[in-house]
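# show me how the following folds:
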Amino acid sequence: DDELQTDGNRSGHFQNVLFVLEGLASTNEDVIRIIAAQLAEIGDQFDKEIQGRVVNDLVQHFLNENLSREEITLHLSRVVRELTRSIPSDMEQEKAMLVLAMLLTKKIVNTVPSLLHRVFNTTLNYMNQQLHNYIAEMVSA
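Presented below is the predicted three-dimensional model:
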């Protein structure tokens, strides 16, 4: 039943398993696209609230080679928490934190493109530490 055919595909029930997995993957992609669109819309609203000095302060921290990745991640976390306080209370705090982290990343990289690698890794680290469960729940819901 599971012989390798000349076209490289396996026969029988294995193809059915692949079809089901492909269906799940496309469903998850659709869910992720919807979530991303919603987060982008929220980010556009938040964009007006973030002052240039906040971004410049973060840029200075990222440019400081003497600061460890952990120190920069802690600073990013503090800035996100401070900005979250100014967000309307009807929004989930975790969603606001996620959007703010991504928006700050975009603003920093737009200000100093050479920081892309460092900022991206730091933001990813922050999201894994602070928002991993929230992101997993959002995608699974």
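# so for the chain, the centremost residue is which one?
Taking C-alpha atoms, centre = their mean, the centroid of the chain lies closest to Met102, which sits 6.1 Å from it.
# got the phi and psi for that residue?
Backbone torsions for Met102, taken as degrees, to the nearest 10, come to phi -70, psi -40.
# now do the contacts for the residue lying closest to it once chain neighbours are set aside.
What sits nearest to Met102 in space, not counting adjacent residues and going by C-beta to C-beta, 6 or more residues apart in numbering, is Gly43, at 6.5 Å. C-beta here means a position set from N, CA and C on the backbone, and glycine is covered the same way. By C-beta atoms under 8 Å, 6 or more residues apart in numbering, Gly43 lies in contact with Val99, Met102, Leu103, Lys106.
# for those, which one is nearest Gln38?
Nearest to Gln38, judged by C-beta to C-beta, of the contacts of Gly43 is Val99 at 9.3 Å.
# so how far is Glu92 from the closest one?
Look at Val99 and Glu92: by C-beta to C-beta, to the nearest Å, they are 10 Å apart.
# those two: which has the busier surroundings?
Ranked by neighbour count (other C-beta atoms under 10 Å), Val99 and Glu92 place Val99 first, with 25 against 11.
# ok, now how distant is that one from Met127?
From Val99 to Met127 the distance is 11 Å (C-beta to C-beta).
# doesn't Leu124 make contact with the residue nearest to the centre of the chain?
No: taking contacts as C-beta atoms under 8 Å, Met102 lies outside contact range of Leu124: 10.4 Å.
# so which residues of this protein form helices?
Using DSSP state H, the helices found in the chain span residues 13-47, 52-63, 69-84, 93-111, 116-130, 132-140.
# lowest mean pLDDT across the ones you listed, which one is that?
Lowest mean pLDDT within the helices of the chain: helix 13-47, a mean of 60.
# for Ile135, give me its contacts.
Contacts of Ile135 (C-beta under 8 Å, 6+ apart): Leu98, Met127.
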